[in-house]
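**Student:** for reference, the sequence and a predicted model appear below.
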Protein chains: 2
Amino acid sequence: MARGSQTEAAVLGVLSVQSVTGYAVREAIRDVLGHFWSESFGQIYPTLAQLEHDGLVERSHGERAGSSVYAITVAGRDRLVELLRQPDHPAPPRSGLMLRLFFGNALGVDACRGLIRHARVTAEEQLETFQAIRDELASDAATREHHPYWLLTISAGEHTARAVLDWADESLESLTALEPNEPGTRAT
Amino acid sequence: MARGSQTEAAVLGVLSVQSVTGYAVREAIRDVLGHFWSESFGQIYPTLAQLEHDGLVERSHGERAGSSVYAITVAGRDRLVELLRQPDHPAPPRSGLMLRLFFGNALGVDACRGLIRHARVTAEEQLETFQAIRDELASDAATREHHPYWLLTISAGEHTARAVLDWADESLESLTALEPNEPGTRAT
DNA sequence: TCATTCATGTAAGTGGTTACATGATTCA
DNA sequence: TGAATCATGTAACCACTTACATGAATGA
């Protein structure tokens, strides 16, 4: 899947579940796909315009003045499947946390501990969020045919978060064994 | 940390371990930081030129004709610590796998199974790679002060890979319970 | 001698973010 | 009435990738 088509797929995907405004597409991507996907305004509106031009979505008047509701067409559904079938070209990894830890000898062991603790807290918060999403899903019958798939992504998030928890505990343990060698410590 | 400075940090970091050519910086980033970081040629050479201009690295003649070896300066070490201390602004998540699974109802359950199996295989291969790196590290005494930190990143990779394994097994199980509803299946 | 690796750089293109500009509607 | 939210769009900018261009050294 060419990089640009990923946005197309995400937007078509949202519209395949429900017809909404461009603004709501962005909200859905942020709130529902948020733990594994993101799109900015600057991408969504031009993409919607392109999709309309290609006959993959249709635009109708929204309830508010000037607002548009987009609905996916039959051709749009075909296109969505076509896009989803294309191979994934994952972006090269770039973890700022790992970069800092890798050069932890320069950064100093205390700063490393802080980074790991922070990652742990974030993972804990994520687990709570995932539980909340599970609860919400359980009471949403309208989209029940999607739930088995949506749960897959939630479960992936949970597994990853728990892995971070385990890793953080192990890592904090292993760093306590280290003498407080702090090459990077200076008064600021 | 501003986005551009991350490249600066990665390059300075590599040079803080050993003085090498630009080509070798790229190799180190690809082979050693590869599981959590990446830089392309187009980034490394301009960054090295900038770092030299700022007095953070020094250039000397390499063994080969026309080749340059870069060495980090004292100011460069200070700058590295400064960069590593800056807060991390993680790139927004973009998992093509999760996007496809989330819209699995459109893609079809068989294609989803294929994606998950593929992710599982990749995770298995990664675990083997990590073991190989562990073995290599154990026999490299020259960089021993870095090892506690380098092991942190390897361990993180292993935890993540094992999480994928568990998630994949669970997910494949959960999908077998699903009737073979295949909206996305068409002859191509 | 010929392919591969080592080595350095530039230029064009892309995918994406951020900020800007505008205005209606809702609700406190 | 005024702040927050809903809503649509554009323009500038940025980091990064890919492809290109070049050539020396190594080793089969």
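**Tutor:** That came in fine, so what should we check first?
**Student:** so who does residue A:97 touch?
**Tutor:** If you count contacts by Cβ atoms under 8 Å, 6 or more residues apart in numbering or on different chains, residue A:97 has them with A:115, A:119, B:88, B:90. The way it works is simple: take the backbone N, C-alpha and C, and place the C-beta from them, glycine included.
**Student:** same thing but at 6 Å, please
**Tutor:** Residues in contact with residue A:97 (Cβ atoms under 6 Å, 6 or more residues apart in numbering or on different chains) are A:115, A:119.
**Student:** against residue B:37, how distant is it?
**Tutor:** 11 Å (Cβ to Cβ, to the nearest Å).
**Student:** flag every residue of chain A that's near DNA strand D.
**Tutor:** By the rule Cβ under 7 Å from any atom of the strand, the part of chain A lying against DNA strand D is A:21-24, A:41-42, A:45-46, A:48-49, A:62-64, A:66-68, A:92, A:94.
**Student:** tell me the pLDDT of the residue in chain A that DNA strand C sits nearest to.
**Tutor:** Distance from DNA strand C to each residue of chain A (Cβ to the nearest atom of the strand) is smallest for residue A:42, at 2.3 Å. On pLDDT, residue A:42 comes in at 93.
**Student:** try the one 10 residues further on
**Tutor:** As summarised for this prediction, residue A:52 has a pLDDT of 96.
**Student:** which residue is the nearest non-sequential neighbour of it?
**Tutor:** By the measure of Cβ to Cβ, 6 or more residues apart in numbering or on different chains, the closest residue to residue A:52 outside its immediate chain neighbours is residue A:59, 5.5 Å from it.
**Student:** ok, now which ones touch the residue of chain A closest to DNA strand C?
**Tutor:** Neighbours of residue A:42 in contact, by Cβ under 6 Å, 6+ apart: none.
**Student:** residue A:158: neighbour count?
**Tutor:** As a burial measure, residue A:158 scores 20 neighbours (other Cβ atoms under 10 Å in any protein chain shown).
**Student:** distance of it from residue A:137?
**Tutor:** 13 Å.
**Student:** low-scoring stretches of chain A, by residue?
**Tutor:** In the predicted model, chain A carries pLDDT under 70 at residues A:1-4, A:179-188.
**Student:** identify the residues contacting the residue nearest the centre of chain A.
**Tutor:** For chain A, residue A:36 is the residue whose C-alpha lies nearest the centre (Cα atoms, centre = their mean; 2.2 Å). Taking Cβ under 6 Å, 6+ apart, we find residue A:36 in contact with A:153, B:93, B:95, B:98.
**Student:** is the residue nearest to residue A:52 bridged to anything, and to what?
**Tutor:** residue A:70 (DSSP bridges).
**Student:** close enough to count as contact, it and residue A:68?
**Tutor:** Yes. Contact status for residue A:59 versus residue A:68: in contact at 4.8 Å, counting by Cβ atoms under 6 Å.
**Student:** related to what we said a few turns ago, just the buried members of the residues of chain A next to DNA strand D?
**Tutor:** Buried residues within the residues of chain A next to DNA strand D, defined by neighbour count using 16 or more other Cβ atoms under 10 Å in any protein chain shown: A:21-22, A:24, A:48, A:62, A:68, A:94.
**Student:** surely residue A:38 is in a helix?
**Tutor:** No. Read with DSSP: H, G, I helix; E, B strand; the rest coil, residue A:38 is coil and lies in no helix.
**Student:** please name the nearest non-neighbouring residue to it.
**Tutor:** Going by Cβ to Cβ, 6+ apart, residue A:38 has residue B:92 as its nearest residue, at 3.6 Å.
**Student:** same deal with residue A:154?
**Tutor:** residue A:130 (5.3 Å).
**Student:** doesn't the one you found fall inside a helix?
**Tutor:** Yes. Secondary structure of residue A:130 (three-state DSSP): part of a helix.
**Student:** show me what contacts it?
**Tutor:** With Cβ under 6 Å, 6+ apart, residue A:130 has these contacts: A:154, A:157-158.
**Student:** looking at those, which are in strands?
**Tutor:** For the contacts of residue A:130, not one is inside strands, with DSSP state E as the criterion.
**Student:** out of those residues, who's nearest residue B:54?
**Tutor:** Within those, proximity to residue B:54 (Cβ to Cβ) peaks at residue A:157, which comes in at 40.7 Å.
**Student:** can you give me the strands in chain A?
**Tutor:** A:57-61, A:68-72.
**Student:** count of neighbours near residue A:82?
**Tutor:** 16.
**Student:** check residue A:60 too.
**Tutor:** With other Cβ under 10 Å as criterion, residue A:60 counts 9.
**Student:** care to break chain A down by domain?
**Tutor:** Structural domains annotated on chain A: A:3-85, A:96-175, as defined by automatic domain parsing.
**Student:** redo those domains as TSV? Include distance to residue B:80.
**Tutor:** Shown next, in TSV, are the domains of chain A (distance: least, Cβ to Cβ, whole Å):
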stretch	distance to residue B:80
domain A:3-85	30
domain A:96-175	6
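**Student:** so for residue B:107, which of these sits nearest?
**Tutor:** Each of those was scored for nearness to residue B:107 using Cβ to Cβ, and the closest is domain A:3-85 (4.4 Å).
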